[in-house]
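One predicted model, sequence on top.
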Amino acid sequence: MPEVFDGSQFLGLPSQDGPVGVAVIPLAYELTTSYGMGTAEGPRACIEASAQVELFDQLLGEDLPAGARMVTLEDFEAQAPTLRLQLDEMLGHAYPWLNGQCFPLFLGGEHGILPPIIQAASTHPLVGGDLSKLTVVQLDAHADLRSHLNGEIFSHACAASRSLDLGVGRLLQAGIRAYSSEEATRITSDERITTFFARDTQHPHTGSKAWSEWLEELRELRGPVHFTLDIDGLDGALVPATGTPVPGGLSYWQAVETIEVLFGNPNITVISADVNEITPQQDTPLTQFTAACLGTKILACHLLAKREGRWEKSGVGERASTPTYSFEHFKQVAPSP
């Protein structure tokens with residue numbers, strides 16, 4: 001354990017002065033959940049559980065923060081009176097941390113946090129205002145490709161769909177096992193989407209072949225990447241308190257392998273990541289502790305990539321301008337419900 005411990009900070013590591021290398025950003029956002037409630041409390045529960053996560057990472061070979069200046073921000077809670085204006089607030093909150101100078105890990109909160117994070121990422125120097133350069137890698141039980149859910153186009157069930165509508169160039173999904181006929185149609189019709197279904201990767205006899213194909217897709221990626229990890233992508237036995245647990249999901253070690261292979265690809269730069277749909281579990285901290293372990297693995301793999309030259313700071317001068325986009329007006333370009 002570190003000589004100084006602060007239980008309010010991720011991993012108990014006190015925020016450090018100076019240029020930030022890693023920022024942990026809790027987004028206590030929950031407006032469109034459609035089953036279990038409590039994701040607004042998830043980020044803080046994850047941070048509290050992280051105090052029990054070991055700092056040593058075998059792949060990194062040392063304790064976190066491994067020389068990096070790390071900061072944990074205070075919980076973000078939107079104050080605006082409407083959902084769309086709250087998304088605008090979240091966009092403004094995320095924007096400063098996607099400057100190419102540090103690595104932000106966002107903790108949610110429902111998966112509705114994804115579109116404002118992606119819009120903020122459009123200003124990253126490696127994206128340069130052109131989201132077609134960006135790949136989103138998604139672990140999830142749900143495709144999140146609906147045009148709307150109960151009339152709301154910014155539902156958590158539409159997070160991936162809205163990100164594509166913003167202009168994301170490619171979406172890779174794994175763990176998917178709960179989706180609608182509308183989503184099945186978009187998966188087959190939108191050439192930007194590559195989906196690995198859990199019924200294939202988790203098959204007791206042929207799953208290893210499908211899983212190897214998933215890992216190969218990650219190894220072939222090029223350019224900037226945002227990694228989004230909805231913890232219900234894991235089997236419900238590991239994260240029973242998430243908002244919409246689904247049986248038949250990924251194992252913990254498959255999630256770890258995805259992270260390690262993704263960050264180990266020398267031809268990409270993972271510019272940001274999020275772990276979302278965390279809900280506090282009252283009788284056991286298993287759900288939030290699992291999320292904290294995976295968040296820690298993300299940070300360890302980022303730090304290893306940085307040490308080995310697979311992640312470098314991008315010049316602030318090359319950054320796109322502050323986003324003037326407003327989610328309040330997104331209905332003008334989104335598909336009709």
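Perfect, I can see it now.

need the contact list for residue 326.
84, 88 (C-beta atoms under 8 Å, 6 or more residues apart in numbering). Backbone N, C-alpha and C define where each C-beta goes, glycine included.

What number of residues are in the vicinity of residue 10?
31 (other C-beta atoms under 10 Å).

now the strands for the stretch 1-150 of the chain?
Using DSSP state E, counting those that start in this stretch, the strands found in the stretch 1-150 of the chain span residues 22-27, 56-57, 62-63, 70-72, 103-108, 135-139.

Deepest-packed of those, please.
strand 103-108 (a mean of 28; mean count of other C-beta atoms under 10 Å).

Apart from its chain neighbours, what residue comes closest to residue 252?
residue 238 (5.9 Å; C-beta to C-beta, 6 or more residues apart in numbering).

So what pairs up with residue 26 in the strands?
residue 107 (DSSP bridges).

give the contact list for it.
Taking C-beta under 8 Å, 6+ apart as the test, what residue 26 contacts is 43-44, 46-47, 72-76, 106-107, 109.

can you list the residues you listed in TSV and add distance to residue 19 and pLDDT?
TSV is the format used below for those (distance: C-beta to C-beta, whole Å; pLDDT from 0 to 100):
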residue	distance to residue 19	pLDDT
43	24	94
44	26	93
46	25	95
47	22	96
72	16	97
73	15	96
74	19	94
75	23	94
76	21	92
106	20	98
107	22	96
109	27	84
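
among these, which ones are buried?
43-44, 46-47, 72-73, 75-76, 106-107, 109 (16 or more other C-beta atoms under 10 Å).

Max pairwise distance over those: which two?
Spatial extent of those (C-beta to C-beta) is set by the pair 72 and 109 at 15.0 Å.

quick one: the helices in this protein?
42-50, 83-94, 114-121, 159-165, 181-189, 198-201, 207-219, 252-264, 286-307 (DSSP state H).

in the fifth one, what's buried?
Buried residues in helix 181-189, counting neighbours by 16+ other C-beta under 10 Å, are found at 183, 186-187.

contacts for that helix?
So helix 181-189 is in contact with 143, 145-147, 161, 179, 193, 195, going by C-beta under 8 Å, 6+ apart.

and those, which are buried?
143, 145-147, 161, 179, 193, 195.

Going by distance to residue 330, which of the residues you listed wins?
Of the buried ones among the contacts of helix 181-189, the one sitting nearest to residue 330 (C-beta to C-beta) turns out to be residue 161, at 11.7 Å.

Not counting its neighbours along the chain, what's nearest that closest one?
Closest to residue 161 by C-beta to C-beta, 6+ apart is residue 145, at 4.6 Å.

does residue 195 have beta-bridge partners, and which?
residue 173.

Contact partners for it?
Here residue 195 is in contact with 143, 173-174, 176, 187 (criterion: C-beta under 8 Å, 6+ apart).

can we see that at 10 Å?
Residues near residue 195 by C-beta atoms under 10 Å, 6 or more residues apart in numbering: 138, 140, 143, 145, 160, 171-176, 179, 183-184, 186-188.

and the closest residue to residue 77 other than its chain neighbours, what does it touch?
Once flanking residues are discounted, residue 77 sits nearest to residue 28: 4.9 Å by C-beta to C-beta, 6+ apart. Going by C-beta under 10 Å, 6+ apart, residue 28 touches 39-44, 74-78, 107-109, 113.

if we can go back for a sec, quick check: which of the helices of the chain is buried the most?
Of the helices of the chain, the one with the most neighbours on average (mean count of other C-beta under 10 Å) turns out to be helix 114-121, with a mean of 27.

got the contact list for the residue nearest to residue 219 when sequence neighbours are not counted?
Counting by C-beta to C-beta, 6+ apart, residue 265 is the residue found nearest to residue 219 once chain neighbours are left out, at 5.7 Å. By C-beta under 10 Å, 6+ apart, the contact set of residue 265 is 218-222, 225, 305, 310.

Now with 8 Å, please.
218-219, 221, 310.

Dump these into TSV; add pLDDT as well.
Compiled in TSV, the contacts of residue 265 are given as follows (pLDDT from 0 to 100):
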residue	pLDDT
218	98
219	98
221	98
310	93
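
got those residues as JSON lines, with distance to residue 97 columns?
Below are the contacts of residue 265 laid out as JSON lines (distance: C-beta to C-beta, whole Å):
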{"residue": "218", "distance to residue 97": "24"}
{"residue": "219", "distance to residue 97": "28"}
{"residue": "221", "distance to residue 97": "23"}
{"residue": "310", "distance to residue 97": "20"}
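
Going by distance to residue 294, which of these wins?
Ranked by distance to residue 294 (C-beta to C-beta), the contacts of residue 265 are led by residue 218 at 16.0 Å.

Do you know the pLDDT at residue 154?
Residue 154 is assigned 86 on the pLDDT scale.

With residue 127 as the reference, measure out to the nearest residue to residue 303 once chain neighbours are set aside.
Distances taken as C-beta to C-beta, 6+ apart place residue 66 nearest to residue 303, at 4.8 Å, with adjacent residues excluded. Remark: distance between residue 66 and residue 127 (C-beta to C-beta, to the nearest Å) = 26 Å.
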